[in-house]
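Visitor: Coordinates for the following, if possible.
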Amino acid sequence: MGLTFGGYLRFKADEGSIYQALSTAVGVLDSIEATIAKFFSKQIEIVLFILIELRSMFELEDEFLEELELAIALVSTLLAKEESLQEHLIHAAKESRRGQDH
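Guide: Numbers count the residues shown, from 1 in each chain. You can find the predicted model right below:
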């Protein structure tokens, strides 16, 4: 059955048993690998979907920021024109009063 060699037991085993044990171990590892691949492929699919959605949101955000910048520039221009018109109306009203006073 077993022989001792340097304090360790050595067992004789036939090649068929070793082959069968290794084949079973490889089968188990393949099964584990398939399970992990299935689990991670679903997770990767979800992460990819989220990344695509984020990219789409960032593109929309860029478009909206460009529109906002244009709107801010337009508002600034309109405010400057309004201020100019108010000054013009105040000046015209003062001139009109002077004309009525004389």
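Visitor: And the helices in this protein, which stretches?
Guide: Using DSSP state H, the helices found in the chain span residues 15-101.
Visitor: Give me the helix or strand of this protein that scores worst on average pLDDT.
Guide: None of the helices or strands of the chain scores lower by mean pLDDT, DSSP states H and E than strand 2-5, at a mean of 52.
Visitor: where are the low-confidence patches of this protein?
Guide: Counting by pLDDT under 70, the chain shows low-confidence ranges at 1-13, 102.
Visitor: V75 and E67: what is the separation?
Guide: Separation of V75 from E67 (C-beta to C-beta, to the nearest Å) stands at 12 Å. Yep, even glycine has a C-beta here, placed from its N, CA and C like the rest.
Visitor: same thing with A73?
Guide: With C-beta to C-beta as the criterion, A73 and E67 are 11 Å apart.
Visitor: Equivalent analysis for R98, please.
Guide: Separation of R98 from E67 (C-beta to C-beta): 46 Å.
Visitor: Same question for L79.
Guide: As judged by C-beta to C-beta, L79 and E67 stand 19 Å apart.
Visitor: With A34 instead?
Guide: Per C-beta to C-beta, A34 is found 50 Å from E67.
Visitor: And for I52?
Guide: Distance, I52 to E67, by C-beta to C-beta: 23 Å.
Visitor: can you pull the contacts of E66?
Guide: Residues near E66 by C-beta atoms under 8 Å, 6 or more residues apart in numbering: none.
Visitor: Likewise for A71?
Guide: A71 sits next to no residue when contact means C-beta under 8 Å, 6+ apart.
Visitor: so how far is stretch 50-64 off the chain centroid?
Guide: 9 Å (C-alpha atoms, centre = their mean, to the nearest Å).
Visitor: right, I mislabeled it, should have said stretch 65-83
Guide: With C-alpha atoms, centre = their mean, you get 32 Å for stretch 65-83.
Visitor: Just the buried residues of it, please?
Guide: For stretch 65-83, a neighbour-count test (16 or more other C-beta atoms under 10 Å) marks nothing as buried.
Visitor: With just CA atoms, put it into PDB.
Guide: This file holds the C-alpha atoms of stretch 65-83, laid out as PDB (Å, rounded to 0.1, in the frame of the first residue of the first chain):
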ATOM      1  CA  LEU A  65     -24.700  74.300 -22.100                       C
ATOM      2  CA  GLU A  66     -24.100  75.700 -25.600                       C
ATOM      3  CA  GLU A  67     -27.700  76.800 -25.800                       C
ATOM      4  CA  LEU A  68     -27.400  78.400 -22.300                       C
ATOM      5  CA  GLU A  69     -24.300  80.300 -23.300                       C
ATOM      6  CA  LEU A  70     -26.100  81.700 -26.400                       C
ATOM      7  CA  ALA A  71     -29.100  82.600 -24.200                       C
ATOM      8  CA  ILE A  72     -26.900  84.400 -21.700                       C
ATOM      9  CA  ALA A  73     -25.200  86.400 -24.400                       C
ATOM     10  CA  LEU A  74     -28.600  87.300 -25.800                       C
ATOM     11  CA  VAL A  75     -29.900  88.300 -22.400                       C
ATOM     12  CA  SER A  76     -26.800  90.500 -21.800                       C
ATOM     13  CA  THR A  77     -27.300  92.200 -25.200                       C
ATOM     14  CA  LEU A  78     -31.000  92.800 -24.400                       C
ATOM     15  CA  LEU A  79     -30.200  94.200 -21.000                       C
ATOM     16  CA  ALA A  80     -27.700  96.600 -22.500                       C
ATOM     17  CA  LYS A  81     -30.300  97.700 -25.100                       C
ATOM     18  CA  GLU A  82     -33.000  98.100 -22.400                       C
ATOM     19  CA  GLU A  83     -30.600 100.300 -20.400                       C
END
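Visitor: Done for today, thanks.
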